[in-house]
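Peer 1: Give me the fold of what follows.
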Amino acid sequence: MAEIDLPPSDTFAIFVISILAGIVLWDAFWLTKQKRDIPNLGDLPNGGFAWASEGPQEVIRQWGNLFSMAAMMSLPWALISLSNTSIIYGIIWDILLALHIIYLLIPKRYAVTSTHLFADGQRYEWKKLRLAKRQPKRRIMLLRKGWVFFGPLPLGGKYHNLKQAKTAIARFYQMGEESE
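Peer 2: Numbers count the residues shown, from 1 in each chain. Alright, predicted model coming up:
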């Protein structure tokens, strides 16, 4: 069997960390847009609604991602010793994931309008989303069409805000079905 020449472990570590840094920067960019996209909270024209979450609601919203990040933070440490990779890359990896965890926990702004959902600094058309059949008690669960199990889009917030948002979402879905 022929030997395979792999790149040096430090080179591969730099490559992987560069990808992670790009993801962290990308998420930071989108977070900066939420205040500009949703300047006002409360009732919006045409029956829309905008609200903000708080830190504890983001923990509820992101609990699965938080566990994933914790697992990802521990993952490279076993590989570092096996591959003779410099420990600095593990430290950088964990710092980047810690920043990402902070981004997950920062309070967010959400809005529902007759045409779009605004969440995490992005805008989603209603026709590309659907409500999950089973709704959790302390968040709203939407699913991105075509993403299978990779597409959950949970929305966080206080109970009364989520209740008002669910009412608006149901109204917008009903309006969309009537126009088809």
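
Peer 1: which parts of stretch 61-79 are buried?
Peer 2: Across stretch 61-79, burial judged by 16 or more other Cβ atoms under 10 Å covers 61-62, 69, 72-73, 76. Yep, even glycine has a C-beta here, placed from its N, CA and C like the rest.

Peer 1: actually stretch 88-107, not the one I wrote
Peer 2: In stretch 88-107, counting by 16+ other Cβ under 10 Å, buried: 89-90, 92-94, 96-97, 99-101, 103-105.

Peer 1: returning to what we had before: pick the one among the buried residues of stretch 61-79 closest to Arg36.
Peer 2: Minimum distance to Arg36 across the buried residues of stretch 61-79 is 21.5 Å, recorded for Arg61 (Cβ to Cβ).

Peer 1: if I read this right, that closest one contacts Gly55, doesn't it?
Peer 2: No. Arg61 lies out of contact with Gly55 (Cβ atoms under 8 Å); the separation is 10.4 Å.

Peer 1: partners of Asp43 in the sheet?
Peer 2: When bridges are called by DSSP bridges, Asp43 pairs up with Phe49.

Peer 1: Run a quick neighbour tally on it.
Peer 2: If you count neighbours by other Cβ atoms under 10 Å, Asp43 ends up with 11.
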